[in-house]
Each structure stands twice: as C-alpha cells, then as structure tokens.
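Trainee: Fold the following.
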Amino acid sequence: MTARWVVDVVQPERDLEVTWQPISLLRKNDPPADSPYFEAAEKTHNMLRVMESLRAADGDDAVFKAYWEFATRIHHDGDRDFDLAEALTSAGLDPAHAVAATDEAFDSVIAERMDAGLALVGDDVGTPIISMDDDNGDRVGMFGPVITRAPSGDVGLKLWDSFVGLVQVPGVWEIKRTRTEAPEFGERPI
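Mentor: Numbers count the residues shown, from 1 in each chain. Purely as a prediction, here's the structure:
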C-alpha cells in the first residue's frame, strides 16, 4: 500500500526519483525450513533475485516494473504461485531473468542493499523503509508509513509532507497505533 501511495499520489506531485531496494524477509527473519512462513519468505526472496538480475541488466526502471507486476499478482489476484517468466513477459521484461530466482549469486547484492537500508533505521523494523536526504544533505530513513489503504489527493500529499517532516527530526523513533483493519488494495493496477 505504501508503494502504491508513493507511485500513484506522491511521485507525480512531489517530483520524486524513487529507487526500489530489496528487503528479504527470508534473510531478515531467518525462519526455520519447517516453519509455515518459510515457503512464502523463500518465494519472495527468489523474486528479489530476479529483480536484482533485472537491475544489473536493465536498471532501476526494470526493477519497478517487475515489483509492480509481482505485487499485483500477489495482492490483487491472490496468486502466490505464478510463473515468474510469464509475469516478466506480461510486464514487458525479458523472461530469461526468471532463472535468477535460484541463483544465489544475487544474495550478496540483496544483502548489501538491504543492510544499507537497515543501517538508516535499525534492525527491529520491517518493510516499508523510506530513505531520503535531510535538509543538511545527510541520508536518513524511517520505517513506514504502514497504511491499510493508499490515501489520495491532498490527504495523500499531507501524509507525505508529514512523513518528510518527521524524518528530518533526530530522535523521532516511532509513531504507532493498533491496526484495526485489513489492507484495502483498491483497483488492480493496469
């Protein structure tokens, strides 16, 4: 939901250049192989390998196209077992990158990029993490915002502007309330 909010609402109005970075919940949470969580974490880790293969060959725009296609299939279609090559083709990307899903050579770049994000926010967070340069030109980041629906229009921009303000203030660590609703993914992106 945070990605959808950034892409659909914030980026067009705030002239953002977004670079999508990986966070592997398989690597971060290290679930045991017999855990019911392991299979899903492994599948998404394998998708990150594919995205890093795309980044190496075709740059950040290809990463976003794959991410958007994969996330749409998972969250809008409820399909966690889709064929990666077919999804890449649907996103206008080279399906040959699907073989990277089992290529452990991409794990080091995933770890490096992930560790860079966690270095900004600490290890006791998950995803999303947003980082930016603060008013002094220093790279800062914060976990969140975790949202159940993408706010639109002025409300969406107000949330962004507030988030940017919070990130600027040293010593702000957490703002939270109990989640009382499930995500509302809205219309399937085209």
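Trainee: For this structure, which segments count as strands?
Mentor: With DSSP state E as the definition, the chain shows strands at residue ranges 129-133, 139-143.
Trainee: Give me the buried positions along the last one.
Mentor: Along strand 139-143, these residues count as buried under the neighbour rule (16 or more other C-beta atoms under 10 Å): Val140, Gly141, Met142, Phe143. The C-beta positions use only the backbone N, C-alpha and C, and glycine is treated the same way.
Trainee: Give me the distance from the lengthiest helix in the chain to the chain's centre.
Mentor: Once the chain is assigned using DSSP state H, the helix that runs over the most residues is helix 38-58. The offset between the C-alpha centroid of helix 38-58 and the centroid of the whole chain comes to 12 Å, using C-alpha atoms, centre = their mean, to the nearest Å.
Trainee: Show me what it is in contact with.
Mentor: Taking contacts as C-beta atoms under 8 Å, 6 or more residues apart in numbering, the residues outside helix 38-58 that touch it are 20, 22, 24-27, 29, 31-32, 62-63, 65-67, 70, 80, 84, 88, 93-94, 97-98, 100-104, 106-107, 109-110, 113.
Trainee: let's see it at 6 Å
Mentor: Defining contact as C-beta atoms under 6 Å, 6 or more residues apart in numbering, one finds that helix 38-58 is touched by 22, 24-26, 31, 62-63, 66, 70, 84, 97, 100-101, 103, 106, 109-110.
Trainee: Could you do stretch 164-181 as well?
Mentor: Counting by C-beta under 6 Å, 6+ apart, stretch 164-181 makes contact with Asp134, Asp135, Val140, Met142, Thr148, all of which sit outside it.
Trainee: OK, contacts around the second one?
Mentor: Going back to what we said before, that points to Asp135. By C-beta under 6 Å, 6+ apart, the contact list for Asp135 reads Gln168.
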